[in-house]
Every structure is written in structure tokens, then in C-alpha cells.
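Undergrad: no sequence on hand, only this structure:
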């Protein structure tokens, strides 16, 4: 703090004029984090910002996969929170080519962006690359664009609305997204 501000706060009884005690490393890390999209009000997407769809299970089971494509652009983390809070779901996990194609086509129809978030996260672990779905379902399918996934750090995954291929992106990028519930 600047000396003048410290003096004013000390006179008002709101702060001590003595230097602050050193913070723990955890507190310093938390203080350095940039708040994410503070201008967002946390509201759920409007109906005009979404497209709901149901896809019957191709294996003949009685379950139906339910999705909502949200056209409002958000970071991966905020998209995940929106899925949980507004739809009681998660970012979509994709376990087959047919579901991938269906989601890609629907996303292309309702958004003018070239990519949408899906729920995959990748990160290097030694010489190996770890991949997981944010809903912790089995990693049994992938459809990466050539040269992906990137292996240098932790990345989130987008689905290309043009060709259905997946790409690694920094998680702070703001994109439309697909929730599964």
C-alpha cells in the first residue's frame, strides 16, 4: 500500500500503519489469481441462448442422452459451473462416433463459432499423456485432430463444429459449450 493510504486508513482505525505480516505461500498464490469474468452475473442461459436435444441410445437401452448446447461463450471452468448449476449436469463426455457427429452437427446449426467446449481434460504425466472426462466416465473414445492433443501442459478440449475433430485449448478461452444431463 502507498504510505498516504496507510496513514489515512490508520487514522480511520481501519488498518495498522505497520507493515503487513508475511503471507503464507498459499495465500500469495490465491492473491495472484485473476478473478474470472467478474462482469458475469451468474444467471442461467436464456432459452434463446440454448438448444436442447435428446439422442436415443443406439445400443437399444432404455436410456436417452440429453444435451443442451449453450451459445453464450464462457471459459471451460465457468461453462462447467453453468452446466452443474443450471442443468444439474456436466460438460458433455463423448463415447462414440455417432454421438460425436450428432453433437457436432447440432452445434454447427446453432452457433456461429467454430468450436464448442466438451468435458475432456488432458495433461502430461511424465512421458505419458493423461486424458479424462470431467464427469469421470471411462475414457473409451477420442476423435483428435491431427497434431492433437497438445502435450506441454494441462489443456481443455473443444469440439470443432466444422469437422467434429477435437482440439486442445487453454481453459481460459471463451467458447459456447455442450452440457450433458
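TA: Great, that's in hand. Computed from a predicted model, the values in this text were never measured in an experiment. Numbers count the residues shown, from 1 in each chain.
Undergrad: for residue 100, grab phi and psi.
TA: Backbone torsions of residue 100, given as degrees, to the nearest 10, read phi -60, psi -50.
Undergrad: pretty sure it contacts residue 94?
TA: Yes: counting by C-beta atoms under 8 Å, residue 100 does reach residue 94; the two are 5.0 Å apart. Just so you know, the C-beta spots here come from the backbone N, C-alpha and C atoms, and that holds for glycine as well.
Undergrad: which neighbours do the two have in common?
TA: 141, 143, 159 (C-beta atoms under 8 Å, 6 or more residues apart in numbering).
Undergrad: any of those residues buried? List them.
TA: Neighbour counting with 16 or more other C-beta atoms under 10 Å marks 143, 159 as buried within those.
Undergrad: so which of the shared contacts of residue 100 and residue 94 would you say is closest to residue 85?
TA: Residue 85 lies nearest to residue 159 out of the shared contacts of residue 100 and residue 94, by C-beta to C-beta, at 21.9 Å.
Undergrad: rewinding a little: now, the shared contacts of residue 100 and residue 94 that are in strands?
TA: Within these, residues falling in strands by DSSP state E are residue 159.
Undergrad: helix or strand next in line after the lowest-mean-pLDDT helix or strand in the chain, which one?
TA: Lowest on mean pLDDT, DSSP states H and E among the helices and strands of the chain sits helix 25-32, with a mean of 34. Counting by DSSP states H and E, the element after helix 25-32 in chain order, helix or strand, is strand 50-56.
Undergrad: great, nothing more from me.
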